[in-house]
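Participant: I'll drop the sequence and a predicted model, then ask my questions.
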Amino acid sequence: MQITVHFSPNHVDELELRDKVVVVIDVLRASTTITYAMRSGAREIIPVATVAAAMKIVGNLHSTSTVLCGERGGKRIEGFKLGNSPFEYTEEAVRGKALILTTTNGAVALTKSKHARVCYVSSFVNLTATVEALAAIPNIDSENLIILTSGREDEFSLEDATCAGLLITRLMTRFGTMRLSDSARAALSVYHQYGGDIYRTLVESDHGRNLTELGFDEDIRAASQVDSVPLVPVLEQTAIKKRLVFSDQLRAELLERGILADDGMVARVAKVA
Ligand code: MLT
């Protein structure tokens, strides 16, 4: 496997991602929030890059089961039902609903990935599940994996690079030697430097400091919990409808709550070491 990392969606054109295997990372907070929302039974999540596009889509859908969600500057957008805190995405708020989600960086990375052959949404909370989901792709060994980190307003972000580095470390353990681009090697170094205390790295990052000022420390703590939600949201073209589940316990919980059966989405079970 060959791995390349792009540290901001603005460093890559969507055509470069066409037919590729892509992992999108936005630790603070879009990837973490999307994973929580899928665990809570959201029917689908449609990431959109702008507030205007979100309003337009919701206007066209005319559905009571559609929810406008997202943030600008970390805060819920005026008139939107939900912001971008994972804790807002409870079963009561999102189960069976289509979420139109616009966020400053994460949603942009996802819209760029709409032509990917496979696109997984990843963060610390579903790190090992992401490795397992990648391992399930036929002939993944011969693929060129692109990790697209969302960054922060066109810039590099420490938390996403640290997560990309941990993902690469786990992939190397799983698959052995790989061909790493300079950017992938840089992500590995960031992880070796900052991966020792993930919560601290997140809290001291630029975006972490901003979220702390806004009162979202619990979101940072949740985002730092490695493998706490062993489920991988899958973007297919313009929407995330599918969740791959990588723990028997979570699968049983979701089945009991009717989340896997109700939406008819495929769940794949694998043992996580
Ligand atoms: C983003 O997509 O830029 C982030 O998720 C921002 C945030 O923390 O809400």
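Facilitator: Cool, the structure landed.
Participant: Could you check how far Thr238 is from Glu44?
Facilitator: Distance, Thr238 to Glu44, by Cβ to Cβ, to the nearest Å: 10 Å. For glycine as for every other residue, the C-beta is placed from the backbone atoms N, C-alpha and C.
Participant: who's more crowded, these two?
Facilitator: Set Thr238 next to Glu44 and count neighbours by other Cβ atoms under 10 Å: Glu44 wins out with 19 against 13.
Participant: surely Ala30 meets Thr102?
Facilitator: No. Using Cβ atoms under 8 Å, Ala30 makes no contact with Thr102, being 9.7 Å away.
Participant: overlap in contacts of these two?
Facilitator: Shared contacts of Ala30 and Thr102, defined by Cβ atoms under 8 Å, 6 or more residues apart in numbering, are found at Pro47.
Participant: Helices along this protein, start to end?
Facilitator: 30-39, 51-61, 91-94, 106-112, 127-135, 158-175, 182-194, 198-204, 206-213, 217-223, 248-256, 259-263 (DSSP state H).
Participant: Which among those helices is found nearest to Arg152?
Facilitator: helix 206-213 (5.3 Å; Cβ to Cβ).
Participant: what's Asn126 in contact with, if anything?
Facilitator: 35, 227, 229-232.
Participant: Check what pLDDT it gets.
Facilitator: In the prediction, the pLDDT value recorded for Asn126 is 98.
Participant: Any figure for the gap between it and the ligand?
Facilitator: 15 Å (Cβ to the nearest ligand atom, to the nearest Å).
Participant: what would the contacts of Asn126 look like in JSON lines with neighbour count and pLDDT?
Facilitator: Compiled in JSON lines, the contacts of Asn126 are given as follows (neighbours: other Cβ atoms under 10 Å; pLDDT from 0 to 100):
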{"residue": "Thr35", "neighbour count": "29", "pLDDT": "98"}
{"residue": "Asp227", "neighbour count": "15", "pLDDT": "97"}
{"residue": "Val229", "neighbour count": "24", "pLDDT": "97"}
{"residue": "Pro230", "neighbour count": "24", "pLDDT": "96"}
{"residue": "Leu231", "neighbour count": "23", "pLDDT": "97"}
{"residue": "Val232", "neighbour count": "26", "pLDDT": "97"}
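Participant: any chance of those in TSV, plus distance to Arg72?
Facilitator: What follows is the contacts of Asn126, written out as TSV (distance: Cβ to Cβ, whole Å):
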residue	distance to Arg72
Thr35	21
Asp227	30
Val229	25
Pro230	31
Leu231	27
Val232	27
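Participant: Out of these, flag the one nearest to Val21.
Facilitator: Val232 (12.7 Å).
Participant: Show me the beta-bridge partners of that closest one.
Facilitator: Leu244 (DSSP bridges).
Participant: which stretch among the helices of the chain comes nearest Glu143?
Facilitator: Closest to Glu143 of these is helix 127-135 (Cβ to Cβ; 8.6 Å).
Participant: quick one on the thing from earlier: check the contacts of Asn126 one by one and keep those near the ligand.
Facilitator: With the criterion set as Cβ under 6 Å from any ligand atom, no member of the contacts of Asn126 is near the ligand.
Participant: Off-centre distance for stretch 18-26?
Facilitator: Remark: stretch 18-26 is offset 10 Å from the chain centroid, using Cα atoms, centre = their mean, to the nearest Å.
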